[in-house]
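Q: sequence first, predicted coordinates after that:
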Amino acid sequence: MSRKKDFENIRNAVSSARVVTSKSILIEGDSLEVIKLFPDHSISLILTDPPYHATKKWNIHGDTSFKEDLDYLEWMAQFAVEWRRILKPNGSFFCFCAPSMAARLEVIFSEHFNILSQIIWTKPNDPGFDGWKQKMKKEALRQWYAHTERIIFAEPAFDGNLHRCYFGNLLREMRQKAGLTMHQLTEIIGAYGKVNHGGAVSNWEAGRNVPSLEQYEKLSKALLKTGTVESMPPYYDVIRPFMVDSSKEFTDVWDFPSVRPYKGKHPAEKPLEMLEHAIEATTYRGDIVLDCFSGSGSTSLAALKLGRLSVSIEIDPAWISHTETMLELANGIGQMKTTIADRRPIKKSRASQPTLFTESG
Ligand SMILES: C[S@@+](CC[C@H](N)C(=O)[O-])C[C@H]1O[C@@H](n2cnc3c(N)ncnc32)[C@H](O)[C@@H]1O
């Protein structure tokens, strides 16, 4: 189904949307309830930043709501089920979290997702803008000061075969239906592996790498020609996009400074450049990007800037109003409700609470 049709179906499924344009949908409400209304496999990228629970920030809705870690993890487990359901088979998933929760979240997510990376976000901030790192009494520490955050990156897993990607499974099924060996198919396409002749197809089936668009077209043609495979889906519906090169960050260590304090900053606002990096690498233009904990609306702004469609959900009405204004501006409609002066840097934000875990504030 086309992305536009998916977008329309989401819009029709949710009656509480605050901003609806041809490119963005902003929904006020509890995201766990809201996403239950979304159609299956309608989202290409989930890029989301839930309350960390470990940071215990009074000014983030939900950050102090869970008495025990287990309560928080059970809440996240309910999201994982829905996220897996609404994500396209070739979609991607990023979830920000505190280092102290990352391992347990990974275990929960791995029931539904194939975990690909645990990205470490370092915050190379200038002195004076690096939270409590300089100010705190180092001698009093009982563990290494947590100056990084984690971003779990994953793709949907497939029942009974968690480590195979969607395309790998599909290719094997179609090739076997066509009665071709890996070697034969590789020869027809002319995509010889470096080590052996079945190499390319064998690597694709194992999910080690993926064919180019040109190779995929040759492959589809070869499978259809056998007469036993009736149709092959379009490239953009089966190959999970992952587009990096040596000109941008391609490792799992991301060095993006955090957002400097300014009047009106969200206490956990993530840097736009980092969100753009995540979106650009893992989506095609026109794909739908979902953020279930939208805060300042940063994910939707990054998605819009890159020509993607955005769906964002936020429970706090104040942040909904803020995002509404930002989206209207980005879409070229409405009047500026907050001025640039409101975004000027301030010396110290109220969000700076003395905590071991410095969530992007
Ligand atoms: C860590 S912050 C996200 C910050 C965001 N990434 C940004 O750059 O501004 C989490 C956000 O989730 C919101 N939130 C908490 N519980 C929610 C829920 N059940 N449904 C929707 N939003 C929720 C909070 O109000 C908060 O704004």
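A: Everything's here; your move.

Q: and the closest residue to the ligand within the chain, how close does it get to residue 60?
A: Sorted by distance to the ligand under Cβ to the nearest ligand atom, the residues of the chain start with residue 295, at 2.6 Å. Bear in mind the C-beta positions are built from the backbone N, C-alpha and C, glycine included. Look at residue 295 and residue 60: by Cβ to Cβ, to the nearest Å, they are 8 Å apart.

Q: common neighbours of these two, please.
A: Common contacts of residue 295 and residue 60, defined by Cβ atoms under 8 Å, 6 or more residues apart in numbering, comprise residue 268.

Q: straight-line length of stretch 266-277, end to end?
A: With Cα to Cα, to the nearest Å as the measure, the ends of stretch 266-277 fall 20 Å from one another.

Q: rewinding a little: which pLDDT does the model give the residue of the chain closest to the ligand?
A: At residue 295, the model reports a pLDDT of 97.

Q: the lowest-mean-pLDDT helix or strand in the chain - contacts with which helices or strands?
A: One helix or strand of the chain scores below all others by mean pLDDT, DSSP states H and E: strand 17-20, with a mean of 84. Strand 17-20 is packed against strand 24-28, helix 317-330, with contacts defined by 3 or more Cβ pairs under 8 Å, 6 or more residues apart in numbering; DSSP states H and E.

Q: could I get the buried residue list for the longest one?
A: By that I understand helix 317-330. Residues of helix 317-330 classed as buried: 319-320, 322-328, 330 (neighbour count, 16 or more other Cβ atoms under 10 Å).

Q: I'd like the average pLDDT over it.
A: So the average pLDDT for helix 317-330 ends up being 92.

Q: for it, packing partners?
A: The helices and strands touching helix 317-330, judged by 3+ Cβ pairs under 8 Å, 6+ apart, are strand 17-20, strand 24-28, helix 298-305, strand 309-314.

Q: and that helix with helix 298-305, angle?
A: 10 degrees (axes from the mean of the first three to the mean of the last three Cα atoms, to 10 degrees).

Q: how about the helices in this protein?
A: Ranges of helices in the chain, per DSSP state H, are 3-13, 31-35, 69-86, 99-109, 166-178, 182-189, 199-206, 213-225, 235-238, 272-282, 298-305, 317-330.

Q: deepest of those, which one?
A: helix 298-305 (a mean of 25; mean count of other Cβ atoms under 10 Å).

Q: rewinding a little: save the helices and strands packed on helix 317-330 as TSV, and put in distance to residue 264 too.
A: Converted to TSV, those look like this (distance: least, Cβ to Cβ, whole Å):
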stretch	distance to residue 264
strand 17-20	18
strand 24-28	18
helix 298-305	13
strand 309-314	15
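
Q: which one of the ones you listed has the poorest average confidence?
A: strand 17-20 - the lowest mean pLDDT of the helices and strands packed on helix 317-330, at a mean of 84.

Q: give the pairing partners of that strand; include direction for each.
A: Applying DSSP bridges to the sheet, strand 17-20 is found paired with strand 24-28 (antiparallel).

Q: hmm, the partner strand in reach of the ligand?
A: No. Under the criterion of Cβ under 6 Å from any ligand atom, the ligand is not reached by strand 24-28; the shortest gap measures 8.6 Å.

Q: kindly calculate the angle that that strand makes with strand 309-314.
A: Using the same axes, to 10 degrees: strand 24-28 against strand 309-314 is 10 degrees.

Q: please state the offset of strand 24-28 from the chain centre?
A: With Cα atoms, centre = their mean, to the nearest Å as the basis, strand 24-28 stands 17 Å off its chain's centre.

Q: and that strand, which residues are buried?
A: Of the residues in strand 24-28, 24-28 count as buried by neighbour count, 16+ other Cβ under 10 Å.

Q: with respect to residue 313, which of these is nearest?
A: residue 27 (4.7 Å; Cβ to Cβ).

Q: please name the residues that touch that closest one.
A: Counted by Cβ under 8 Å, 6+ apart, residue 27 has contacts 14, 16-18, 34, 311-314.

Q: could you rerun that using 7 Å?
A: By Cβ atoms under 7 Å, 6 or more residues apart in numbering, the residues touching residue 27 are 14, 16-18, 34, 312-313.

Q: next one: it from residue 182, what distance?
A: The gap separating residue 27 from residue 182 is 46 Å, by Cβ to Cβ.

Q: how about residue 328?
A: The gap separating residue 328 from residue 182 is 53 Å, by Cβ to Cβ.

Q: what does residue 115 give?
A: According to Cβ to Cβ, residue 115 stands 27 Å off from residue 182.

Q: again, but for residue 79
A: 38 Å.
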